[in-house]
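Student: this one's structure only:
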């Protein structure tokens, strides 16, 4: 499972989320976390249809299974836990 964090250096809410995302990466060692700067990799952001930052896309087996838009730490953590549980039962 992977969480892709679409962010931008100029995005205040993205910077606010960084410590929480780092903490989740430490807590959920079985989940990969990747950060994409939308200005540097705009083609990737376009491919995922990202229109606002931060956007977190949860990917499992190469397919998007969920996404969260905005700096909502609790919702992101909840969805990661949900998909980890589903993955364990696959």
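Tutor: Received the coordinates, thanks. Just so we're clear, the structure is a prediction, and the values are computed from it rather than from any experiment.

Student: make it CA atoms for all contacts and neighbour counts henceforth
Tutor: OK.

Student: the helix or strand hosting residue 35 packs against which elements?
Tutor: Using DSSP states H and E, the element containing residue 35 is strand 32-37. In terms of contacts (3 or more C-alpha pairs under 8 Å, 6 or more residues apart in numbering; DSSP states H and E), strand 32-37 is packed against strand 2-7.

Student: for the strand it packs on, packing partners?
Tutor: Short answer (3+ C-alpha pairs under 8 Å, 6+ apart): strand 2-7 packs on strand 32-37, strand 55-60.

Student: give me the sheet partners of that strand and which way each runs.
Tutor: Strand 2-7 sits in its sheet next to strand 32-37 (parallel), strand 55-60 (antiparallel), going by DSSP bridges.

Student: re earlier: after the strand holding residue 35, which helix or strand is next?
Tutor: helix 42-47.

Student: how distant is that following helix from the center of its chain?
Tutor: What separates the centre of helix 42-47 from the centre of its chain is 15 Å, taken as C-alpha atoms, centre = their mean, to the nearest Å.

Student: can you say which of the strands paired with strand 2-7 is packed in most?
Tutor: Ranked by mean neighbour count, those are led by strand 55-60 with a mean of 21 (mean count of other C-alpha atoms under 10 Å).

Student: in contact with the residue most central in space within the chain, which residues?
Tutor: Nearest residue to the geometric centre of the chain (C-alpha atoms, centre = their mean): residue 56, 2.9 Å. If you count contacts by C-alpha atoms under 8 Å, 6 or more residues apart in numbering, residue 56 has them with 3-6, 67-69, 76.

Student: dump those into JSON lines; add distance to residue 61 and pLDDT as well.
Tutor: Formatted as JSON lines, these follow (distance: C-alpha to C-alpha, whole Å; pLDDT from 0 to 100):
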{"residue": "3", "distance to residue 61": "12", "pLDDT": "97"}
{"residue": "4", "distance to residue 61": "13", "pLDDT": "97"}
{"residue": "5", "distance to residue 61": "17", "pLDDT": "98"}
{"residue": "6", "distance to residue 61": "19", "pLDDT": "98"}
{"residue": "67", "distance to residue 61": "15", "pLDDT": "96"}
{"residue": "68", "distance to residue 61": "18", "pLDDT": "96"}
{"residue": "69", "distance to residue 61": "21", "pLDDT": "97"}
{"residue": "76", "distance to residue 61": "19", "pLDDT": "97"}
